[in-house]
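[1] Just the structure for this:
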Amino acid sequence: MVKNHSMTEANQTLEDLKADCEKCFGLCCVALPFAASADFAVDKEAGSPCINLQSDFRCGVHKNLRQIGFQGCTVFDCFGAGQKVSQYTYKGKDWRSKPESAKEMFDVFPIMRQLQEMLWYLTEALTFNLNQKILSEIQSALTETERLTFLPSDSLLELDVVAHRAYVNDLLLQTSELVRSKAIHLQGKGKKRHKNIGRGADLIGANLKDANLIGANLRGAYLLAANLRGADLRKADLIGADFRDADISGADLTDSIFLTQAQLNATKGDIHTKITARLTRPSHWTK
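    Residues are numbered from 1 along each chain as shown. Reported below is the predicted structural model:
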């Protein structure tokens, strides 16, 4: 029988899925490409070290990333893929001292990141009050996903990540439906629900101030620069939602579903914004 994790146990597990840059070879600063834009000050090709990466694999401008045009770096999360690839897959041998393995390492990193991201969502899903059948399926998916992360590099490169993600996503969709339907039912005839909200909705710049979004399906929604001040997002599914520059000052996200640190980092919030204990309040939010 699969037991529902306590929140404390889940938080401890989720801690292992957070980036530990001290144990990484700066993989996100090398493996991934980016283009000059509002998020990045310069262009960079995949496999080419960022101009700010130092010899010890640390970022030379980490404390000033937003101020000098590298906001994109502050909203990226590898879910612990960096340290796992660096310390487990490649046994602590970095791409500078072993240049012959550099390209392979850079190719493995984004695959590992996807697997680690799935582990984050599956681990969170186990904290929900669900029926035994779906909990067992989630646990099986988590066990299998974790097994995949420990495969050797050549096996990881051959892995059909798309198929595995589809399998995991189906479970996450079922989880979302169950959690959100309960939330909406318990809410009853409370605050009037906001209309025209749904999966993949175009809400760029939308005025959703004080909106009742309890149990809303905001998967993949475009919420760039949206006004969500005072909005109630409890039990709302936020997986893949784009929150860049969205104002969530005073909003309630205490138990939003599948919210990540990277999404939170992309927003504008304040001391009145309520968030789950598993995430950290971004330093750039207003006091």
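[2] what about residue 162, distance to residue 168?
    Using CB to CB, to the nearest Å, residue 162 is found at 11 Å from residue 168. In this view, the C-beta of every residue, glycine as well, is placed from N, C-alpha and C.
[3] So for the two, which sits in the more crowded spot?
    The residue with more neighbours, out of residue 162 and residue 168, is residue 168; 23 against 9, by other CB atoms under 10 Å.
[4] how about the longest helix along the chain: buried residues?
    In the chain, ranked by residue count with DSSP state H as the criterion, the top helix is helix 161-187. Of the residues in helix 161-187, those with enough neighbours to count as buried (16 or more other CB atoms under 10 Å) are 161, 164-165, 168, 171-172, 174-176, 178-180, 183, 187.
[5] Now do the helix or strand just after that helix: which elements does it pack against?
    Moving toward the C-terminus from helix 161-187, the next helix or strand (DSSP states H and E) is strand 252-253. With contacts taken as 3 or more CB pairs under 8 Å, 6 or more residues apart in numbering; DSSP states H and E, strand 252-253 sits against strand 274-275.
[6] can you tell me the average pLDDT over the strand it packs on?
    Mean per-residue pLDDT for strand 274-275: 96.
[7] So what are the sheet partners of that strand and their directions?
    According to DSSP bridges, strand 274-275 forms sheet pairs with strand 252-253 (parallel).
[8] who's in contact with the partner strand?
    231-234, 236, 238, 259, 264, 273-276 (CB atoms under 8 Å, 6 or more residues apart in numbering).
[9] Try it again at 7 Å.
    232-234, 259, 274-276 (CB atoms under 7 Å, 6 or more residues apart in numbering).
[10] Neighbour-wise, which one of these leads?
    Going by other CB under 10 Å, residue 233 tops the contacts of strand 252-253 with 27 neighbours.
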